[in-house]
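# need a structure here:
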Amino acid sequence: MLLTAIIIYLAITIAIGAWASKFVKGSNDFVLAGRSLPLFLSASALFATWFGSETIFGASSVYLEEGLQGVIEDPFGGALCLVLFGMFYLRPMYRMGVLTIGDVFKRIYGSKVEFLSTIFMVPVFFGYVAAQLVALSLILGTVTGLSITEGIVIAASIVVIYTFLGGMWAISITDFIQTIMIVLGLIVVSVLVTKEAGGIGVILVSAPAESFQFFPDPGFNSWINYFGAWVILGLGSIPSQDIYQRVMSSKSEKVAVQSTYLAGGFYLTFGLLPLFIALGAKALYPELYLENQQMLLPSMVLAHGGLPVQIIFFGALISAIMSTASSGVLAPAALISENLIKPLFKEKLTDRHLLWILRISVLAVAIISVFMALQDSNIYELVAGASILLLVSLFIPLTTGLYWKKSSKVGAILSMSLGMLTYLIIDNFEPEISSHIYGLLASAIAMMVGSLLFPNKPQVTYELS
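Modelled structure (predicted):
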């Protein structure tokens, strides 16, 4: 019966994608839903931005090992990102009226920086989508007995079908339904665990003391690494096409701002529930925890939850992961078509051509992500690595480009290149201070020095006599 319910749910999702395709008339509809989403759709889409495999599987298992110190990145950093985006980044970018964040870099720095930023950005999403496919495969394997390879291929096929058909319209509509499923599922399972354990107090008392240590131990390195955990998602996901396309799909600037604040609050609130559920599950069923930490929650529900609870919980799991995966597939597809392929044709492509390039790019991104998913099945590491790459390469150029008048094209190129290079080199030495802190610092220094030494040439204007 559980398998039947999952199949029906997946079929409905695909049907929504097919129905949403009628709203797709051009590339703007496909990527940004025609900039027409009302508050409830916009906020739910933003809430679902990262509420996927990392939050439910990765973060919950890391929390049981390391306490709150281990999950500062998510959900706390994710909520911070949404709030900061709404406060400082949304308004200037929304007013540009462009399709991708690569276009934003082009507006600020020119076509060379647009190309370089896109090259840096696109590969990041492959690991991000791969993490979601691994998670979906684990769920399908738990319920049906499919191998991880079979599960990954089936999961990718489902995500591709409805994203290919409906683009951002399909993602936004399904996100709204999926958000309801996520909230309902987490609440139901939280109540189940609390009842089984004998109350919230019993669960909290049984937890190790370090489970609730929010601030680091005294020491310079501890505090720097603590800051480093906050900025992985908190700053690293700001220069991302994923969050950009969700925010810019709002029907107005005001709605977009309100959506970021609402989504940030919801994300933090409901992002803590998987941690609480995991804490209760570990206390109640230690044998399941020892068997597979990442699969603790679904294993608990399968073993000890009734059929209605199983249907609601697995519906919530699938909802959370598919919403993240579909947006993760669309984001690089938009960058590839708009910022890499379109410039090659020098405005010769019609919007209809661009729409088909977008859809083909969705398929290509999915294929690459499937390959990556087959190579690495650690969900938390796949997602964290994606955000770090954006942090050390693109965060500083985007921020200074919007707010520092002296930022230059050369400074941006140096910032992207040296930030990434520094991070990749230092990461090999496993330093006491997280390597992405060095990369972020190098990116900032390179931007400042490069912009001051190589300022943009003043634009020459000619007057007709």
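# Okay, buried residues for the strand or helix carrying residue 423 please.
Element membership for residue 423 (DSSP states H and E) is helix 409-427. For helix 409-427, burial by neighbour count (16 or more other C-beta atoms under 10 Å) applies to 409-423, 426-427. Yep, even glycine has a C-beta here, placed from its N, CA and C like the rest.
# Within the helices and strands, which one has residue 353?
In this assignment (DSSP H and E), residue 353 forms part of helix 351-375.
# for the record, mean pLDDT for that helix?
The pLDDT scores in helix 351-375 average 91.
# Summarise which helices and strands that helix is packed against.
In terms of contacts (3 or more C-beta pairs under 8 Å, 6 or more residues apart in numbering; DSSP states H and E), helix 351-375 is packed against helix 27-32, helix 111-144, helix 148-197, helix 307-335.
# Now do that helix: distance to the chain's middle.
Here helix 351-375 is found 17 Å from its chain centre; the criterion is C-alpha atoms, centre = their mean, to the nearest Å.
# Then stretch 221-230?
Relative to the mean C-alpha coordinate of its chain, stretch 221-230 is positioned 21 Å out (C-alpha atoms, centre = their mean).
# In this protein, which residue is most central in space?
What sits nearest the mean C-alpha location of the chain, by C-alpha atoms, centre = their mean, is residue 50, with 4.2 Å.
# Please confirm that that one is located within a strand.
No: counting by DSSP: H, G, I helix; E, B strand; the rest coil, residue 50 falls outside a strand, being coil.
# Quickly note the distance from it to residue 58.
If you measure residue 50 against residue 58 using C-beta to C-beta, to the nearest Å, the figure is 11 Å.
# Next, the angle from the helix or strand following the helix holding residue 423 to helix 409-427.
Per DSSP H and E, the first helix or strand lying C-terminal to helix 409-427 is helix 435-453. Angle, helix 435-453 to helix 409-427, by axes from the mean of the first three to the mean of the last three C-alpha atoms, to 10 degrees: 160 degrees.
# so residue 120 touches residue 416, yeah?
Yes: assessed by C-beta atoms under 8 Å, residue 120 is found in contact with residue 416 at 5.8 Å.
# Overlap of the contact sets of those two?
Counting by C-beta atoms under 8 Å, 6 or more residues apart in numbering, the common neighbours of residue 120 and residue 416 are 393, 394.
# Quick check: which ranges of the chain have low pLDDT?
52-54, 57, 289-294, 376-386, 459-465 (pLDDT under 70).
# Phi and psi next, for residue 37.
When read as degrees, to the nearest 10, the backbone of residue 37 gives phi -80, psi 130.
# Count the residues that sit near it.
Residue 37 sits with 29 neighbouring residues when counted by other C-beta atoms under 10 Å.
# Same check on residue 199?
Using other C-beta under 10 Å, the number of residues around residue 199 comes to 10.
# For residue 404, see how far away it is.
Distance of residue 199 to residue 404, computed by C-beta to C-beta: 53 Å.
# residue contacts, residue 398?
Residues in contact with residue 398 (C-beta under 8 Å, 6+ apart) are 89, 101, 104, 105, 108, 238, 239.
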